[in-house]
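[1] Return a 3D structure for these sequence lines:
(one chain, ligands or ions: 1)
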Amino acid sequence: MEQNVVEPTVIEGRDIIVLYGSETGNAEDIALELSKMTRRLHFKTVCDEMDEIKLAELIRYRLAIFVTSTTGQGDLPRNTAKFWTNLRRTRLNNTNCLGALKFTIFGLGDSSYPNVNAAARKLRARLKQLGATEFFRPGEGDERHDNGIDSAYLPWSQELREHLVTDYPLPGNLQPIADDIPLPPKYHIEFEMGNVLPTPSSDSLQPEPYPPTELLDIPNSLTALVNSNTRVTPISHWQDVRHIQLSVQAEKKDVYLHKMLPFLAGATAVIYPKNFPQDVQTLIDMMGWDSLADRQFDRNRSTLPKKLYPLTTCQSVLRDLLTHNFDITAVPKRSFLRQMSHFATNENEKERLLEFTKPGNQQEFYDYTSRPRRTTLEVLRDFPSVKIPLRYALEMFPVIRGREFSICNGATSVPPTFKEDGQFKVELTAALVEYKTIIRKPREGLCSRYLKHLKAGTTIKISINPPTSPTLRPENMLVGPETKRQGRPLIAVATGTGIAPIRALINDRKAAGIKAPVLVFFGCRNEKADFLFEKEHSSSSSKQPSSRDDEAVYWGDNVRVIPAFSRDENPTQVKPLLPPGVESETTDRIPTDMLEIVEQGKNYVQHQIKKHGYEVSRLLMGNVAPVICVCGNAGRMPERVRSAFEDVLVEYNLVPGKEEARAWVNNSDKVVYWQEVW
Ligand SMILES: Cc1cc2nc3c(=O)[nH]c(=O)nc-3n(C[C@H](O)[C@H](O)[C@H](O)COP(=O)(O)O)c2cc1C
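    The predicted structure follows:
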C-alpha cells in the first residue's frame, strides 16, 4: 500500500541542478540519489546527463552538483562529450561566464589507474577557471576501497546534506521531507483502453524459455546476424569463454562508421541483453501486475524514462518493457531498498529495509546484497508485503544498459566491399560471468546468461562505440609522428579476455603495413584451457598455424607472444634471460618478486616482463617511442605491470632510479601507455 506522498514545496529561487557523466551507471545512480536528497530539502531539482544541458541553461542556475566517473585513459565519459567540448571553448577563457554559479563535485574513479579521478579534477579546474566557486568540498570515490565508492561517497553526501541544511535554511517551520516518506513519482504510464493481448498461460511457458528475439528501436544501432557463438574453453574449465562472430549491416547514414573504419582497435560492440520470460512472470505475479501486464500502453500520454527503447513493431505492452528494458535481476542499490520500504505493509519488513539504508549500516547492506550477489527478484521475494506501484517501479528499476565488449578482429573485419554494401564482420571474446556466491548459489550475469543462449542465426541489435580516448588515435597507436614507414613497436600485456582489443590492434597494424616488432605478454590460468587465440594463424595469407619456440608463440613474423600460466607447473627458469654475450654471473641475482614464482607457484605477466627484461628494454629504448597496452583484469595487475616496466628500465640502466622510471613511463613523448582494465 502506498503511503502518503509529500510534494516538495516550491520556493522561489531555491533551484539546483545535478549533472552527471557516467559510462556504466554508477555516477548516474549517485546523481539520482543526490537529486532525491535535494528534493527532500525542497530544492526544485533538475537531474540530467551533462550532454542534455546547454551552457546557456547552466548559467541560469546558482547551485550545481556535478558527478562524474573517469573512463578510458583519464577521460570524461561519453555522455559528457558535447558539454565538455563547449566548456573548453577558448573564447570562454577570461569571460567569468560561470561567475554566478556555486558548485560541488563528486568523482568516481579507481586507483589502479594512473589518472585516478582525472575527469572530476579536470572538470572542477575548468569550472573554476570560468568563474564558478565551490560551495562545498569536492569528493572522490575509489573502487579499490573496502566498500568501493561508498567508502567516500556516504560520508561526503551526509556532510553535503548538513551543509545545505545550514547554509540554505528553509523558511518558517518548513521541515525537510523525511526519508521514510515517498516523494511523488517522476513517471507515469497510461494504458490504451480495451486493448489487452492474451497473457501467455504458465502452462505454455517452457521450463526455461529464452528471451524473445524481437528487435528494439535503439537510436544509432545496427542490425547484426549471429554467425556463430562458440565456447572456446573446455567444459572442464571453470570459465565459459565465448567467441562470437557477427555479420553487421551498416547503412549509408552511419557516417561515423565510415570515418572510423578500418581502424577498430579499442572500439567496442554494445550488446543489449534481455530478461528471461520466467523471471518477468515471477515479478508480475509478486507485484500483482497481472491485469496490466499485457495491456498496450499509450506512449504519448505516458511519461517514461528517456532511455526506454520501444520495440521496432509498434505494439508494446508492459510485459515488453519488463522483458527488454528493466534490469530486474541486478543486485539492488541502497536507494532501491529505501524505496521498497515505502511500500512495505508489514512493519518488521519495513524496519529491516530501513535498517539496511541507515548510515553506518553499510556492512549489513553489503552482506545482504553485494556479497551474496542477491538479485532484485530475490530481494523482493524476501519482503513479500512490498507491492511496488507501477508508476514508482518505472523509476526504481534501473534500465538495462547495453554491455560493451571489445571488438577483437579489428581491421580484418572490413572487406573492400564495405563502401558499397555496408557489410562487415565483428568478432567478440566474452567471458561469461558465472560463479557460486558465499551462499553457494550459482549466479550468472544478465548479459552472460543472455549470451550463453544466443543462437547462431539470431538477428540482434548492436551499437559500435569508437574508443573514447585520444590515446587510441591511429597516429598514436600505429606510427607516431616521426616514423611513417616502420611504425612504433608494441609491447602488449593482456590477461584473459584482455587479449581481445590487443588482437584487434595487431590486426589493424598488420592492415596498415606496420612492420615494427610486437611483444605480447599473455596471462591466463592453464596452457590447455584458456590460452586464448593460441592457434592464431601466422599470417592471413599463408594460413599456417602459429609456430613456437620453447616459450613463445609467434603470430606472424613480427608478433611474439609470451604466455604466463598462473596455475600450471612452474617454470624452473626464474632468472632474467641474459642479453646476448653477457656471462651468467653478472645477472644471477633473482629479483625478489620473481621468487613468488618459486615460492607461491604463481607465474604472472609481470614476472614474464622481468624475465624477458632485456628484450623489453630494447623495445623501450629504441629510436621510436613504443606503445604499451595493458588490458584485462582490474585489481593489482595494472599496477604490478607498470612497476615491472619501471624495474626493467632501472635494471638495464636506462634510467638511474625508480622515480625517474616512473616519470619516464608517464611521459607521452617516451611511450604511449594505453591501459584498459575492467
Ligand atoms: C574502461 C575503464 C577505464 C577507466 N579509467 C579510469 C581512469 O583512467 N581513472 C580512474 O580513476 N578510474 C577509471 N575507471 C574506473 C571508473 O571510473 C569507475 O569504475 C567508476 O565507478 C565507473 O562509474 P560509471 O559507471 O558511472 O562510469 C575506468 C573504468 C573502466 C571500465
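[2] Could you use CA atoms for every contact and neighbour count after this?
    OK.
[3] Enumerate the residues of this structure near the ligand.
    By Cα under 6 Å from any ligand atom, the residues of the chain that approach the ligand are 22-28, 69-74, 108-111, 113, 115-117, 676-678.
[4] cutoff 5 Å now
    Within the chain, the positions near the ligand by Cα under 5 Å from any ligand atom are 22-27, 69-74, 108-110, 113, 115-117, 678.
[5] Which parts of the stretch 401-550 of the chain are helices?
    Remark: helices assigned in the stretch 401-550 of the chain by DSSP state H, counting those that start in this stretch are 418-421, 446-452, 474, 499-511, 527-530.
[6] So which of those helices is nearest residue 366?
    Residue 366 lies closest to helix 446-452 among the helices of the stretch 401-550 of the chain, at 19.9 Å (Cα to Cα).
[7] how about that closest one as CSV, C-alpha atoms only?
    Output of helix 446-452 as CSV, limited to C-alpha atoms (Å, rounded to 0.1, in the frame of the first residue of the first chain):
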residue,chain,number,x,y,z
LEU,A,446,22.3,-10.8,-17.0
CYS,A,447,24.3,-10.4,-20.2
SER,A,448,26.2,-13.6,-19.7
ARG,A,449,23.0,-15.6,-19.4
TYR,A,450,21.7,-13.9,-22.5
LEU,A,451,24.9,-14.6,-24.5
LYS,A,452,25.0,-18.2,-23.3
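[8] can you list the domains in this protein?
    The chain breaks down by automatic domain parsing into domains covering 15-167, 470-677.
[9] Take the ones you listed and lay them out in JSON lines including mean neighbour count and mean pLDDT.
    What follows is the domains of the chain, written out as JSON lines (neighbours: other Cα atoms under 10 Å; pLDDT from 0 to 100):
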{"stretch": "domain 15-167", "mean neighbour count": "19", "mean pLDDT": "95"}
{"stretch": "domain 470-677", "mean neighbour count": "18", "mean pLDDT": "81"}
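[10] and residue 359, what is it in contact with?
    Residues near residue 359 by Cα atoms under 8 Å, 6 or more residues apart in numbering: residue 154.
[11] For stretch 341-356, which residues meet the burial criterion?
    Residues 341, 342, 343, 344, 345, 349, 350, 353, 354, 355, 356 are the ones in stretch 341-356 that count as buried (16 or more other Cα atoms under 10 Å).
[12] Pick out the most distant pair among those.
    Going by Cα to Cα, the pair spanning the buried residues of stretch 341-356 furthest: 345 and 356, at 17.1 Å.
[13] Make sure residue 296 is indeed in a strand.
    Yes. Assessed with DSSP: H, G, I helix; E, B strand; the rest coil, residue 296 lies in a strand.
[14] Report pLDDT for it.
    Residue 296 carries a pLDDT score of 87 in this model.
[15] again with residue 373
    pLDDT at residue 373 comes out at 90.
[16] What distance do you get for it to the ligand?
    Distance from residue 373 to the ligand, counting by Cα to the nearest ligand atom, to the nearest Å: 18 Å.
[17] Touching, that residue and residue 331? I think so.
    Yes. Under the criterion of Cα atoms under 8 Å, residue 373 makes contact with residue 331 at 5.9 Å.
[18] More neighbours: the two, which one.
    Neighbours were counted for residue 373 and for residue 331 using other Cα atoms under 10 Å; residue 373 has more, 25 against 21.
[19] helix, strand or coil for that one?
    Here residue 373 is coil, with the state taken from three-state DSSP.
[20] Quick one: end-to-end length of stretch 326-344, please.
    One end of stretch 326-344 to the other measures 21 Å (Cα to Cα, to the nearest Å).
[21] which residues are in contact with that stretch?
    Residues from elsewhere that reach stretch 326-344, judged by Cα under 8 Å, 6+ apart: 1-3, 33, 179-182, 275, 280, 322, 349-351, 353-354, 356-357, 365, 369-370, 373-377, 379, 383, 385-388, 396-400, 446.
[22] So which of those belong to helices?
    33, 280, 322, 349-351, 353-354, 356-357, 365, 376-377, 379, 396, 446 (DSSP state H).
[23] out of the helices of the stretch 401-550 of the chain, nearest to residue 559?
    Ranking these by their distance to residue 559 (criterion: Cα to Cα) puts helix 499-511 first, at 8.3 Å.
[24] Now find how far off-centre that closest one is within its chain.
    21 Å (Cα atoms, centre = their mean, to the nearest Å).
[25] And the helix or strand where residue 104 lies, what does it pack against?
    If you go by DSSP states H and E, residue 104 is part of strand 102-109. Counting contacts by 3 or more Cα pairs under 8 Å, 6 or more residues apart in numbering; DSSP states H and E, strand 102-109 is packed against strand 63-69, helix 118-129, strand 133-134, strand 139-142.
[26] Let me know the angle separating it from strand 63-69.
    Orientation of strand 102-109 against strand 63-69 (axes from the mean of the first three to the mean of the last three Cα atoms, to 10 degrees) gives an angle of 10 degrees.
[27] what separates residue 455 from the ligand, distance-wise?
    Distance from residue 455 to the ligand, by Cα to the nearest ligand atom: 28 Å.
[28] Test my guess that that residue contacts residue 228.
    Yes. Here residue 455 reaches residue 228: they are 7.5 Å apart, a contact under Cα under 8 Å.
[29] out of the two, which sits in the busier spot?
    More neighbours surround residue 228 than the other of residue 455 and residue 228, with 18 against 15 (other Cα under 10 Å).
[30] The more buried one falls within a strand, correct?
    Yes. Counting by three-state DSSP, one finds residue 228 located in a strand.
[31] mind checking how far it is from residue 425?
    Taken as Cα to Cα, the span from residue 228 to residue 425 is 12 Å.
[32] where do the strands sit along the stretch 351-500 of the chain?
    Assigned by DSSP state E, counting those that start in this stretch, the stretch 351-500 of the chain shows strands spanning 403-406, 423-431, 434-436, 442-444, 459-465, 490-495.
[33] And those: which comes nearest residue 121?
    That would be, of the strands of the stretch 351-500 of the chain and by Cα to Cα, strand 459-465, which comes in at 24.9 Å.
[34] now that closest one: how far from the chain's centre is it?
    Shown here is strand 459-465, whose average C-alpha point lies 17 Å from the average C-alpha point of the whole chain (Cα atoms, centre = their mean).
[35] Identify the residues contacting the residue lying closest to residue 108 once chain neighbours are set aside.
    What sits nearest to residue 108 in space, not counting adjacent residues and going by Cα to Cα, 6 or more residues apart in numbering, is residue 69, at 4.3 Å. For residue 69, the contact set (Cα under 8 Å, 6+ apart) comprises 21-23, 26-27, 76-77, 107-109, 117, 119-120.
[36] can you check residue 228 too?
    With Cα under 8 Å, 6+ apart, residue 228 has these contacts: 243, 244, 245, 246, 455, 456, 457.
[37] Show me what the closest residue to the last one other than its chain neighbours is bridged to.
    Closest residue in space to residue 457, ignoring its immediate chain neighbours: residue 226 at 5.4 Å, by Cα to Cα, 6+ apart. Using DSSP bridges, the bridge partners assigned to residue 226 are residue 246.
[38] which residues touch residue 226?
    Applying Cα under 8 Å, 6+ apart to residue 226 gives the contacts 244, 245, 246, 247, 455, 456, 457, 458, 459, 460.
[39] and the residue lying closest to the fourth one once chain neighbours are set aside, what is it in contact with?
    Setting aside the residues directly before and after it, residue 247 is nearest to residue 425 in space (Cα to Cα, 6+ apart), at 4.7 Å. Shown in contact with residue 425 (Cα under 8 Å, 6+ apart): 245, 246, 247, 248, 413, 414.
[40] Residue 257 is in contact with the fourth one, correct?
    No. With contact defined as Cα under 8 Å, residue 248 does not reach residue 257; the gap is 11.6 Å.
[41] I'd like to know which of the ones in helices among the contacts of stretch 326-344 is nearest to the ligand.
    Proximity to the ligand was ranked across the ones in helices among the contacts of stretch 326-344 by Cα to the nearest ligand atom; first place goes to residue 33, at 13.1 Å.
[42] and the gap between the closest one and residue 352?
    When residue 33 is compared with residue 352 (using Cα to Cα), they lie 20 Å apart.
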